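Chemist: fold the following for me, if possible:
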Amino acid sequence: MTQKILIADDETNIRDVCTRYLEREGYQVLTAVDGEEALRIWKQESPDLIILDLMMPKKDGFQVCEEIRNVQDVPIIMLTARGEEGDRIIGLTMGADDYITKPFSPREMVLRVKAIFRRTLPVNRNQEVVQGLSSSKDMIRFPGFVINLLNRSVEVNDKRVDLTVKEFELLSLLARHPEQVFSRSQLLNQVWDIDFYGDTTTVTVHIRRLREKIETNPSEPTYIKTVWGIGYKFEGREMT
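Modeler: Here you go, the predicted model:
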C-alpha cells in the first residue's frame, strides 16, 4: 500500500518541491496551505506522515501538532526557520518526531521520511518483516515494565503508555541494552539514522518526554538514567 504524506506549508515553492521529490519516490502527497486546511485533510485522509511548517496562517504548526497529538501518534516532521532553536525545542516537546531547518535539501527531507517509514513498516505494512520479528526476541521485560516490539506497545505497572515513533525507538534501543551508556551523538545516529550536525537537543527533549511518560518521578528517574558528561542508560535487571 502506498504511504500517504501530508505537506502543510504556506510557501508554494516548498509544497511544490517536496511534492515532486516525494512523488518521485512513489508516495501519495496531499498539500495544505494553512493550519485549518491541514487539520481538515488529516481528519479526512488519515495520512501516514505529516510534514508541518511551524509558521502558517489561521493555525500555526504548534496548534496543529497539539490537536493531532491529542488524538493520534502519526509521525510528524516539523519545518523550522534556521537558528530558531526555541521553536524546535517546543515542537519536539509537543510531540514532533523530527525537524528540518529551512532552507533544506529536498533529498534530506526524503531521507528523513524514509527513515521514519523504515521504523514503522514492521508494525503497519510489511508482513514479511513482522514474521521475521516474531521468530526473534519480541518482548523486553523488566519489573513493572514491558515493551512489545511487534505491536510497538509499552506498559508500565500494567498501564499502557502512548509513545510517538521516535520515543518508542529511543526507549527500545536503551532497553535492549540495559546498563550500556549511550552518548547523545550515538543515540542520534542510531535512532534518527542521519547526521544532525552535532545538534543533540533532539535527544535531550525526547528523553525528557519519555521520563514524563514512564517514570513515577521524572526528576528522579528509575529507568532512564543520566550519565553526566556522557549520555544516558537504561537501568534495570531484565526478566527472562
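Chemist: when you work out contacts or count neighbours from here on, use the C-alpha atoms and nothing else.
Modeler: Noted.
Chemist: in the chain, which helix or strand is least confident?
Modeler: helix 127-134 (a mean of 38; mean pLDDT, DSSP states H and E).
Chemist: quick one: strands adjacent to the helix or strand following it?
Modeler: Once helix 127-134 ends, the next helix or strand along the chain (criterion: DSSP states H and E) is strand 139-142. Sheet pairing of strand 139-142 (DSSP bridges) gives strand 145-148 (antiparallel).
Chemist: chain center to stretch 12-26: distance?
Modeler: Chain-centre distance of stretch 12-26: 21 Å, with C-alpha atoms, centre = their mean, to the nearest Å.
Chemist: likewise stretch 7-18?
Modeler: Relative to its chain's centre, stretch 7-18 lies at 21 Å (C-alpha atoms, centre = their mean).
Chemist: what does the host helix or strand of residue 202 contact?
Modeler: Using DSSP H and E, the element containing residue 202 is helix 201-214. Helix 201-214 has contacts (C-alpha atoms under 8 Å, 6 or more residues apart in numbering) with 89, 92-93, 98, 156, 161, 163, 166-167, 171, 184, 187-188, 218, 221, 224.
Chemist: could I get the buried residue list for that helix?
Modeler: 201, 202, 203, 205, 206, 207, 209, 210, 211, 213, 214 (16 or more other C-alpha atoms under 10 Å).
Chemist: next, the buried residues of stretch 47-67.
Modeler: Across stretch 47-67, burial judged by 16+ other C-alpha under 10 Å covers 47-56, 59-65.
Chemist: where in the chain is pLDDT low?
Modeler: Across the chain, the ranges flagged by pLDDT under 70 are 1, 82-94, 119-137, 193-199, 238-240.
Chemist: tell me the centre residue of the chain?
Modeler: In the chain, the C-alpha nearest the mean C-alpha coordinate belongs to residue 97, at 2.7 Å (C-alpha atoms, centre = their mean).
Chemist: these two touch, right, that one and residue 166?
Modeler: Yes: with contact defined as C-alpha atoms under 8 Å, residue 97 reaches residue 166; the gap is 5.5 Å.
Chemist: between the two ends of stretch 4-16, how far is it?
Modeler: Using C-alpha to C-alpha, to the nearest Å, the end-to-end distance of stretch 4-16 comes out at 16 Å.
Chemist: do a quick rundown of the helices in this structure.
Modeler: For the chain, helices defined by DSSP state H occupy the ranges 12-24, 35-45, 61-69, 85-93, 106-124, 127-134, 165-176, 184-187, 201-214.
Chemist: quick one: closest of those helices to residue 145.
Modeler: Of all those, it is helix 201-214 that lies closest to residue 145, at 8.9 Å by C-alpha to C-alpha.
Chemist: buried set for stretch 215-227?
Modeler: Buried residues in stretch 215-227, counted by 16+ other C-alpha under 10 Å: 215, 218, 223, 224, 225.
Chemist: do me a favour and get the end-to-end distance for that stretch?
Modeler: 17 Å.
Chemist: again with stretch 171-185
Modeler: Terminal residues of stretch 171-185 are spaced 15 Å apart (C-alpha to C-alpha).
Chemist: now swap in stretch 157-173 and tell me
Modeler: End-to-end distance for stretch 157-173: 20 Å, by C-alpha to C-alpha.
Chemist: name the surrounding residues that touch it.
Modeler: Stretch 157-173 is contacted by residues 73-75, 95, 97-98, 116, 119-120, 144-145, 147, 149, 152-155, 187, 191-192, 206-207, 209-210, 213-214 when judged by C-alpha under 8 Å, 6+ apart.
Chemist: buried set for it?
Modeler: Across stretch 157-173, burial judged by 16+ other C-alpha under 10 Å covers 162, 163, 164, 165, 166, 167, 168, 169, 170, 171, 172, 173.
Chemist: mind putting the buried residues of stretch 215-227 into a markdown table with distance to residue 139?
Modeler: Output for these, formatted as a markdown table (distance: C-alpha to C-alpha, whole Å):
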| residue | distance to residue 139 |
| --- | --- |
| 215 | 20 |
| 218 | 24 |
| 223 | 17 |
| 224 | 18 |
| 225 | 21 |
